[in-house]
Every structure is written in C-alpha cells, then in structure tokens.
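# got a sequence here, can you build the structure:
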Amino acid sequence: MRVLVACEFSGVVTRSFRKRGHEAFSCDLIECEDAGMSLYHYQQDVLSGVLRDGWDLMIAHPPCTYLTCSAEWAYSDGPYHQQVKPDTLVGTARRKAREEAIQFVQLLMNAPIKRIAIENPIGVLSSRIRKPEQIIQPYQFGEDASKATCLWLQGLPVLKETNYVEPRIVDGKKRWSNQTDSGQNRLSPSNDRWAKRSVTYQGIADAMAEQWGKGGA
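Numbers count the residues shown, from 1 in each chain. I've put the predicted structure just below:
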C-alpha cells in the first residue's frame, strides 16, 4: 500500500508501515527528526499537492493546539489576557486560529484517498465535525501510559486492542507511568513539550500498521 502519514515529523508511524513492506512517507512543515527516515519525508505543506499523489491510506495527526478543550478561557475577551505570554494567541486571534485548524482537518477528511484516519485528543472536533469512531489509550497497545486519543475513520476498521498494560492503583484510582499520583502528566513544561506529546506511541503505530496495512473495512 502507498501510505501517507500527514503532520508527522517523528517518523514513528511511517517506520512501522515501512517495516511491513508498505511504501510509506511522512509529511510535515518540520524536518524529520529521525535521520534514517528523512528519505521518506516531505518537508512541506501537506495541502500543497501531496494529498493527490495516489495514496491508498492516509493517517493524519493535525496540530491540536487550537482543537483541544484546554485553555478555553483564552477564546473569550477579558483583562486576564494581559497575564499570558506575549506569543500566546487570545480572544479574536485565538478564535480565528481555531476556525483555521478545524478547516484544515475538514480538508484532510475530504482528501481523495479511500482510507483515512484522523488522530487528535478529545476536543472541539467532536462537536464541530462529528464524534470519533473510536477513542483509544496507549495502555491498550502495550504502553505504560494514559492519553485518550480520538480516531475519525473513513474506510477503516476500529483498532483492536493488542496488549493491555495494568496500571498501578493510587488511592483506589488507576495511574500509569506517565501520570503523577494525582493524575497529571509527568512531562514538565518546556519549549518542546508540545513536540514530545505529539509523538505517536510505538504500540499504537504498530497496531495501525499491522491492522490497517491489511486493508480497509
């Protein structure tokens, strides 16, 4: 199969498909961080013609900054905006960025590709476009981590769980290794925190390649 992994710079999903014999390529505005996968990476806007290169399957990871339900206060107007970082969009500018982000996802969904999977955290896509076909967790695919991930699927079956990882129990609540005892993510704030959180877990990438690489629904 010819597989396009849109909005991926890590090479994780692309590598999983190529290991199974597929002609897979990633595409992102950022250069591929895996030097070994750079030959299979388009560093450009995925909307600039790449979508029409005759793909059998596309897995897209559109940026979630303006699609998640976090920082909802920043979409309204108010004096507290003066307290945020200078480079943070607030009010009208942030609302405009969200609309552009939603439009980008719609363009990906309307791509001339038979099988499409759109991946994103829980957010506004469920109300603005449609509810996802599936919500998965890394711990269902051999990863000791919790991160609810939505999948909008076209021409593809839902992913089947491969290897459930048991959590630790803290005060009667389930917690995985990427979580503190209170349930917060352990990844500390940094300039590249968004990049680290956007990388697909290997277990999920392998499940996509193994299950979707066999064909559609």
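
# not counting sequence-adjacent ones, nearest residue to residue 69?
Closest residue to residue 69 apart from its sequence neighbours, by CB to CB, 6 or more residues apart in numbering: residue 123 at 5.3 Å. Quick note: C-beta positions are derived from backbone N, CA and C, even for glycine.

# phi, psi for that neighbour please.
The phi and psi values for residue 123, taken as degrees, to the nearest 10, are phi -170, psi -150.

# tell me how far it lies from residue 6.
Note on residue 123: its distance to residue 6, by CB to CB, to the nearest Å, is 18 Å.

# one step back: pull the number of nearby residues for the residue nearest to residue 69.
18 (other CB atoms under 10 Å).

# also the one 10 residues further on?
Residue 133 sits with 17 neighbouring residues when counted by other CB under 10 Å.

# which residues touch it?
151-153, 158 (CB atoms under 8 Å, 6 or more residues apart in numbering).

# equivalent analysis for residue 138, please.
144-147, 149, 176, 201, 203-204.

# give me that answer again for 10 Å
144-149, 165, 176, 178, 200-204 (CB atoms under 10 Å, 6 or more residues apart in numbering).

# for the residues you listed, which two are the farthest from each other?
148 and 202 (17.9 Å; CB to CB).

# more neighbours, these two?
Neighbours were counted for residue 148 and for residue 202 using other CB under 10 Å; residue 202 has more, 16 against 10.

# and stretch 165-172, what's buried?
Applying a neighbour-count criterion of 16 or more other CB atoms under 10 Å, one finds 165, 167 buried in stretch 165-172.

# tell me which stretches of the protein form helices.
Assigned by DSSP state H, the helices in the chain fall at 12-19, 91-109, 125-128, 193-198, 202-207.

# give the other helices and strands that the second one contacts.
Just to be clear, that refers to helix 91-109. Other elements packing on helix 91-109 under the criterion 3 or more CB pairs under 10 Å, 6 or more residues apart in numbering; DSSP states H and E are strand 57-60, strand 115-120, helix 125-128, strand 149-154.

# point out the most buried one among the ones you listed.
Of all the helices and strands packed on helix 91-109, strand 57-60 has the most neighbours on average by mean count of other CB atoms under 10 Å, namely a mean of 25.

# direction included, what does that one pair up with?
Applying DSSP bridges, strand 57-60 is found paired with strand 2-6 (parallel), strand 115-120 (parallel).

# out of these, which is closest to residue 170?
Going by CB to CB, the one of those nearest residue 170 is strand 115-120, 28.0 Å.

# that's all I had, so thanks and see you.
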